[in-house]
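Enquirer: Predicted model and sequence below, questions to follow.
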Amino acid sequence: MRKATGMIGIVLLFTGRVWAQGLPLERALDPGHISVTLQILLLLTTLALAPSILVMLTSFTRIIVVLSFLRHALGTQQSPPNQLLIGLALFLTAFIMAPVWKDVNDEALQPYIDGKITQKVAVRRAMEPVRDFMFRQTREKDLMLFFKLSGRPKPGGPKEVPTHILVPAFIVSELRVAFQIGFLLYVPFLMIDMIVASVLMSMGMLMLPPVMISLPFKLLLFVLVDGWYLLVDSLVASFGG
């Protein structure tokens, strides 16, 4: 032990200083440098808020809620798993929103990259197709609710509706439609549960869970009517696609 301690001491004695390379932080006195820094911060903030933007400004909310209702109506617990439902919802969202994103790319992103328009104009142009999509899916009643809550007068047209009022009204409308579709999904499977429960009760099998017996019949019904085809077709058609 003493020998090892002595060797370590000798090594430390003859070891010189090791200097790390400095990282100079120059002051951004040039307005151009400040602008670039702010753009980078804005980009990082946008990336951090991307999941929330995806949920709030697209068709994702309606799709994922309907898929969740379907799983509960079937009574399959964790099948399909959450990752699969989210993945399907993401790809359906990309399919439905593709025309909107194409307009954003053609009208805002590409002209901004080519240097034909400023950042402010690009943001305004990018929001126009998104706002048009949200307006088509938003009930006037929900819009008026948030105008009343904010104390603003009734708008004269779509251009007078602020985005911070349009977004919550759009989300409420999406939830309403999703719950309506969920109710329609529940009805046939609920009928199967009631029939199975009545049969089991008439046979005196009170201790046997009806859900366990009705699950195969619900899956069979869903497969026979080509449920996934009908569900996806109805979801896309509900957005006017």
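Expert: Cool, got the structure.
Enquirer: okay, and for this protein, where does confidence drop off?
Expert: 1-39, 42-43, 46, 206, 241 (pLDDT under 70).
Enquirer: Distance-wise, check the residue lying closest to Leu231 once chain neighbours are set aside relative to Gly204.
Expert: Nearest-residue entry for Leu231: Leu70, 6.7 Å, with adjacent residues in sequence omitted and distances by Cβ to Cβ, 6 or more residues apart in numbering. Every residue, glycine included, has its C-beta placed from N, CA and C. Going from Leu70 to Gly204 by Cβ to Cβ, to the nearest Å gives 33 Å.
Enquirer: which one of those two has more residues nearby?
Expert: Taking other Cβ atoms under 10 Å, Leu70 and Gly204 do not tie; Leu70 has more neighbours (21 against 8).
Enquirer: dump the residue contacts of the more buried one.
Expert: With contact set as Cβ atoms under 8 Å, 6 or more residues apart in numbering, Leu70 has these partners: Gly182, Leu185, Leu231.
Enquirer: And the residues you listed, which is closest to Leu88?
Expert: Nearest to Leu88 out of the contacts of Leu70 is Leu231 (Cβ to Cβ; 10.2 Å).
Enquirer: these two touch, right, the closest one and Val66?
Expert: Yes. Leu231 lies in contact with Val66 (Cβ atoms under 8 Å); the separation is 7.4 Å.
Enquirer: Now do the shared contacts for those two.
Expert: Common neighbours of Leu231 and Val66, using Cβ under 8 Å, 6+ apart, are Leu185.
Enquirer: Out of those two, name the residue with the larger neighbour count.
Expert: More neighbours surround Val66 than the other of Leu231 and Val66, with 23 against 17 (other Cβ under 10 Å).
Enquirer: Tell me the first helix or strand C-terminal of the helix or strand harbouring that one.
Expert: According to DSSP states H and E, Val66 maps onto helix 60-74. Once the chain leaves helix 60-74, the next helix or strand it forms, by DSSP H and E, is helix 82-104.
Enquirer: buried stuff in whichever helix or strand comes after that following helix?
Expert: Sequence order places helix 110-113 as the next helix or strand after helix 82-104, per DSSP H and E. Buried positions in helix 110-113, judged by neighbour count with 16 or more other Cβ atoms under 10 Å: Pro111, Tyr112.
Enquirer: contacting residues around helix 110-113?
Expert: The contact list for helix 110-113, computed with Cβ under 8 Å, 6+ apart, reads Ile117, Thr118, Gln119, Val121, Ala122, Arg125.
Enquirer: longest helix of the chain?
Expert: Looking across the chain with DSSP state H, the single longest helix is helix 163-202.
Enquirer: Can you name the next helix or strand after that one?
Expert: Following helix 163-202 toward the C-terminus (DSSP H and E): helix 210-224.
Enquirer: after that following helix, next one along is what?
Expert: Where DSSP H and E defines the elements, the next helix or strand beyond helix 210-224 is helix 227-238.
Enquirer: secondary structure element for the residue nearest the centre of the chain?
Expert: The structure's the chain has its C-alpha centroid closest to Val55; by Cα atoms, centre = their mean the separation is 2.8 Å. Under the criterion of DSSP H and E, Val55 resides in helix 50-57.
Enquirer: what's next to that helix, contact-wise?
Expert: With contact meaning Cβ under 8 Å, 6+ apart, helix 50-57 is reached by Thr46, Phe60, Thr61, Thr93, Val130, Met134, Val167, Phe170, Ile171.
Enquirer: Can you select the buried ones from the residues you listed in PyMOL?
Expert: To isolate the buried members of those in PyMOL, using 16+ other Cβ under 10 Å:
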select buried, resi 60+61+93+130+134+167+170+171
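Enquirer: Thanks a lot, catch you later.
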